[in-house]
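In: Got a predicted model here, sequence first, then my questions.
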Amino acid sequence: MATTKLYLEDIEAAYETKFSAKVTKANEDSVVLDRTLFYPLGGGQNWDEGTLVGPNGAIDVVEVRGREDIIHNLGSEHQLEIGDEIVGEIDWERRYAHMRMHTAQHLVSGIAYELFDGVRTVGNQINLTHSRIDFNPISFDQDMLLELTEKTNEIISLKHEVTDLNMTRNEINSIMPPERTNMDLLPSFIDELRVVKIGDSLDLCPCAGTHISNISEIGEISIIGKKSKGKGTQRITYELSNSEFLRKKKSNII
């Protein structure tokens, strides 16, 4: 049975930091749990880190991967066995940095599409201190980057809420062009998707990542670099200031 992904229950679930679970599989240096708050590597977003506290004490979680079974790679011998009950806690600062960066990426990608003739996002990488987005086809000059930065920060100041919902492919396509949401790149057999929405469809994009619940939490964005990746693709790198409102974590064991 696949691991239940607690962080996907709703937008607010991304703010939870503690959970209880049982070990369903155990190897020398990793375990699979029946449920988890730990986000695995995927969608351009890096994994969560943190700890698992089991019968023999706390163990560091150093890497998380997988799609159905979420594999928690541990930093030391763990002595955990199938059926053991654990309490997990994610590294909140790392998680929250990724949440802010990922929502910022959605916003920048959507605004760039509107400003620059439907330019597409063809790649992204979410990191702690800075992140990047690859666009195609485009050749940014400084005026374009300034316009993109100013427009993004203007939208952030409007404090739109971020929500998630499940939608069918046709429902998404009726609101946003497939090339904006990259819907045309998803396998055709996938019909129902989790969608992250900013404001009243200011941006709407299929995504299984963790996000903040209001874009005001992004703070202010600065584009700090651009690089050509060939064939009409350019990569921009951005960083975020500290937001005025830094959301406090929740500590419930769910």
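Out: Happy to help now that I have it. Numbering: from 1, shown residues only.

In: what stretches of this protein score poorly on pLDDT?
Out: 243-254 (pLDDT under 70).

In: and the longest helix for it?
Out: helix 92-115 (DSSP state H).

In: Can you mark which positions in the helix or strand following that helix are buried?
Out: Note on helix 92-115: by DSSP states H and E, the next helix or strand toward the C-terminus is strand 120-125. By 16 or more other C-beta atoms under 10 Å, the buried positions in strand 120-125 come out as 120-122, 124-125. All C-beta spots, glycine's among them, are computed from the backbone N, C-alpha and C.

In: hang on, residue 22 is in a strand, isn't it?
Out: Yes - using DSSP: H, G, I helix; E, B strand; the rest coil, the assignment for residue 22 is a strand.

In: How about it: what's its closest non-neighbour residue?
Out: residue 34 (4.9 Å; C-beta to C-beta, 6 or more residues apart in numbering).

In: residues in contact with the residue nearest in space to the middle of the chain?
Out: Ranked by distance to the mean C-alpha position of the chain (C-alpha atoms, centre = their mean), the top residue is residue 209 at 3.2 Å. Shown in contact with residue 209 (C-beta atoms under 8 Å, 6 or more residues apart in numbering): 39, 42-45, 98, 102, 126, 196.

In: can those go into JSON lines with extra columns for distance to residue 75 and neighbour count?
Out: Shown next, in JSON lines, are the contacts of residue 209 (distance: C-beta to C-beta, whole Å; neighbours: other C-beta atoms under 10 Å):
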{"residue": "39", "distance to residue 75": "18", "neighbour count": "26"}
{"residue": "42", "distance to residue 75": "21", "neighbour count": "14"}
{"residue": "43", "distance to residue 75": "24", "neighbour count": "14"}
{"residue": "44", "distance to residue 75": "24", "neighbour count": "20"}
{"residue": "45", "distance to residue 75": "21", "neighbour count": "24"}
{"residue": "98", "distance to residue 75": "20", "neighbour count": "23"}
{"residue": "102", "distance to residue 75": "25", "neighbour count": "24"}
{"residue": "126", "distance to residue 75": "22", "neighbour count": "23"}
{"residue": "196", "distance to residue 75": "31", "neighbour count": "21"}
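
In: What is the nearest of these to residue 239?
Out: Residue 239 has its nearest neighbour among the contacts of residue 209 in residue 126, at 12.1 Å by C-beta to C-beta.

In: Quick one: residues contacting that closest one.
Out: 44-46, 98, 101-102, 105, 209.

In: likewise residue 54?
Out: Residue 54 touches 23, 78-80, 84-86, counting by C-beta under 8 Å, 6+ apart.

In: neighbour-wise, which of the residues you listed leads?
Out: residue 78 (24 neighbours; other C-beta atoms under 10 Å).

In: quick one: it and residue 60 touch, right?
Out: No - taking C-beta atoms under 8 Å as the definition, residue 78 is not a contact partner of residue 60, at 9.6 Å.
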